[in-house]
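Coordinates for the following, if possible.
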Amino acid sequence: MDGIVVIGGGSAGITVAARLRRAGRRDVTVVEPSDVHHYQPLWTLVGGGRAPLPASARPMRSVLPRGVRWVRSAAVGVDPLTRRVLLREGEIGYRHLVVCPGVRLDWHRLDGLADAVGHDGVSSNYTGPHAVEMWRFIREARTGSAVFAMPSGPIKCGGAPQKIAYLAADHWRERGVLGRMDVHLVLPGPAVFAVPEYAEVLEGVARRYGIHVHLGSEVVRVRPSAREVVVRGPDGDRPLPYDVAHLVPPQSAPDWLKTSPLAAPSGYLDVDPRTLRHVRYPDVFGLGDCAGTPNSKTGAAVRAQAPVVVANLLAAAEGRDLPASYDGYSSCPITTGRRTLLLAEFDYSGRPRSTVPFLDPVRERTDHNVVKRRVLPFLYWNLMLRGLV
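Predicted coordinates:
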C-alpha cells in the first residue's frame with residue numbers, strides 16, 4: 001500500500017505533491033495519464049492573439065517533483081472502504097488520498113456544439129487547439145455578428161467567456177471595424193460578475209465597446225447550418241445570428257467521481273469547504289476544479305487551497321487536529337482589453353479582497369496585463385508547481 005496517492009497531475013496535483021515532498025514525505029504517488037502539462041489560463045491570451053500556444057505546455061516529466069512516483073494511468077474509481085484507487089490498468093492502495101482530477105468538458109450537453117466547434121467561426125478557448133482557431137476567426141472578422149456565451153453551472157475560469165469578448169472587441173476597435181460588428185455577451189447570472197464592485201467596472205467595459213449584454217440567459221442550441229445560436233432568456237427562446245462565436249461547454253466532475261462514494265449529490269467531491277477534508281472519509285482530501293466547494297474555480301484558488309490540504313493531511317496522518325482553513329480565496333485576472341486588465345480578488349464573503357498593497361482593487365490597470373502574460377506564468381512554472389508559493 002502506497003502512502004499518499006494524488007489523483008491528477010494538473011496544477012492542483014503537482015502543487016500538492018511538491019509541497020508534500022518539501023514537507024519531507026517520501027511516499028507520494030501521482031496518478032496521471034497525460035505526458036503533457038498545460039498552463040490553461042494562457043489559452044485566453046492565445047485565443048485573443050496575445051500569446052503563442054506552445055508557451056502553455058511542458059512535458060509532464062519536467063514538472064513532476066523529484067522523488068515523486070508517477071503512475072501513468074487514469075483513475076476510473078475509488079473504493080474508500082478498502083482504500084484503493086482503481087486504474088485503467090490495475091489498482092493502487094493508499095493511506096491518504098488527494099483527489100484533484102479536474103473537470104470534464106461536456107461538449108455534447110450543448111446541442112450542436114460538438115459538431116460546430118472549430119469550424120465556420122465557432123470555437124472555444126477551453127482547449128489549446130480551439131484557442132488557436134478562435135484567434136483566426138477573430139482576426140478574419142471584419143463585419144457581422146459576434147456571440148460570446150457562458151453556460152450555467154460551475155465552470156473553470158468563470159471569467160474566460162468575458163475575457164475573450166473584451167479582447168476581441170478591443171482588437172476590432174484597433175482595426176477600425178468595431179462599429180461594423182454586432183457584439184453580444186450572453187451570461188446566465190443576474191449580473192456580469194458575482195461581486196458587485198467588479199460588476200460595476202465590467203458593465204462600463206461592455207458599454208465602452210458597445211457590447212449587448214444578455215443577463216439571465218444561456219445558449220441552448222447551436223445551428224451551424226444557419227449560422228445562429230438559440231438563446232434562452234427571461235422572455236423565452238430566440239435565435240441570435242453569428243459570424244464569430246465563442247462558446248463554452250458545460251462542465252462536470254469526471255464520470256468515475258460522479259458515481260463513486262466520494263461524490264456529493266452534485267457529482268463533485270464532497271469535501272468540507274474550509275478544511276478540504278472529505279465529509280465522510282477522513283483519509284481523503286480534495287481541491288481544485290473537482291471539489292464541491294462554493295469558490296470560483298481558478299488557478300489562484302488552487303494556490304490558496306494547496307497549503308491547506310497539505311497542512312491538514314499531515315496533521316491527520318499524525319492524529320492531530322486540523323490546523324488550516326481555506327477562506328474561499330480566488331482571483332480572476334479579467335482582460336478588459338489588449339493592454340488593460342481588472343484583477344478581481346474575492347473570497348467566500350463575496351467582497352473584494354486585494355492582495356496587492358496600496359492599489360485600488362476595483363480598477364482597470366495597464367501594468368496588470370504584464371502580470372497576466374509574463375509574471376503569473378513565471379510564478380506558475382517556477383514557484384507554484386515547485387511548492388514555493
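
How much space separates the nearest residue to R180 once chain neighbours are set aside from V271?
Leaving aside its sequence neighbours, R180 sits nearest to T143 (Cβ to Cβ, 6 or more residues apart in numbering; 4.1 Å). For the C-beta atoms, the positions are set from N, CA and C on the backbone; glycine is no exception. T143 is 49 Å from V271, where distance means Cβ to Cβ, to the nearest Å.

One more: L64?
In terms of Cβ to Cβ, L64 sits 24 Å off from V271.

Comparing these two, which residue is more hemmed in?
Each of L64 and V271 has its neighbours counted (other Cβ atoms under 10 Å); V271 has more, 26 against 20.

what sits opposite that one in the beta ladder?
Beta-bridge pairing of V271 under DSSP bridges involves H278.

thinking it is in contact with R280, fair?
No. Using Cβ atoms under 8 Å, V271 is not in contact with R280; the gap is 10.0 Å.

Tell me which residue is most central in the chain.
Geometric centre of the chain, nearest residue: K156, 2.8 Å, by Cα atoms, centre = their mean.

list the contacts for that residue?
Each residue near K156 by Cβ atoms under 8 Å, 6 or more residues apart in numbering is listed here: 40, 102-103, 251, 289, 297-298.

okay, those in JSON lines with neighbour count next?
Putting those into JSON lines (neighbours: other Cβ atoms under 10 Å) gives the following:
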{"residue": "Q40", "neighbour count": "22"}
{"residue": "G102", "neighbour count": "21"}
{"residue": "V103", "neighbour count": "21"}
{"residue": "Q251", "neighbour count": "19"}
{"residue": "D289", "neighbour count": "27"}
{"residue": "K297", "neighbour count": "20"}
{"residue": "T298", "neighbour count": "24"}
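
Just the ones in helices from these, please.
Within the contacts of K156, no residue falls in helices by DSSP state H.

Looking at these, which are in strands?
Using DSSP state E, the members of the contacts of K156 that fall within strands are Q251.

and of the contacts of K156, the nearest to E345?
E345 lies nearest to T298 out of these, by Cβ to Cβ, at 10.2 Å.

I figured that closest one hits C332, correct?
Yes. Using Cβ under 8 Å, T298 is in contact with C332, at 5.8 Å.

overlap in contacts of these two?
Taking Cβ under 8 Å, 6+ apart as the contact rule, T298 and C332 both touch 157-158.

which residues does A245 bridge with?
Beta-bridge partners, per DSSP bridges, of A245: V122, V147.

Thought A146 was touching it, still the case?
Yes. Counting by Cβ under 8 Å, A245 does reach A146; the two are 7.1 Å apart.

Now do the SS call for G319.
Following DSSP: H, G, I helix; E, B strand; the rest coil, the label given to G319 is coil.

still on that earlier bit, neighbour count: A245 and A146, which is higher?
Comparing A245 with A146 by other Cβ under 10 Å, the one with more neighbours is A245, at 30 against 23.

Run through who's touching stretch 110-127.
Counting by Cβ under 8 Å, 6+ apart, residues outside stretch 110-127 touching it are 43-44, 46-47, 105, 107-108, 129-131, 133-134, 137, 141, 151, 160, 164, 219-224, 227, 242-250.

now, which of the residues you listed lie within strands?
Cross-referencing the contacts of stretch 110-127 against strands under DSSP E gives 105, 219-223, 244-246.

Among those, which one is most surrounded by other residues?
For those, the largest neighbour count, defined by other Cβ under 10 Å, is 32 neighbours, found at H246.

now the strands for the stretch 251-389 of the chain?
Assigned by DSSP state E, counting those that start in this stretch, the stretch 251-389 of the chain shows strands spanning 251-252, 284-286, 330-335, 341-346.

can you give me the mean pLDDT across the last one?
Per-residue pLDDT values over strand 341-346 give a mean of 93.

re the thing from before, make a markdown table out of the ones in strands among the contacts of stretch 110-127 and add distance to V205 and pLDDT.
Shown next, in a markdown table, are those (distance: Cβ to Cβ, whole Å; pLDDT from 0 to 100):
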| residue | distance to V205 | pLDDT |
| --- | --- | --- |
| L105 | 27 | 98 |
| V219 | 21 | 98 |
| V220 | 26 | 98 |
| R221 | 28 | 98 |
| V222 | 26 | 98 |
| R223 | 29 | 98 |
| V244 | 19 | 98 |
| A245 | 20 | 98 |
| H246 | 16 | 98 |
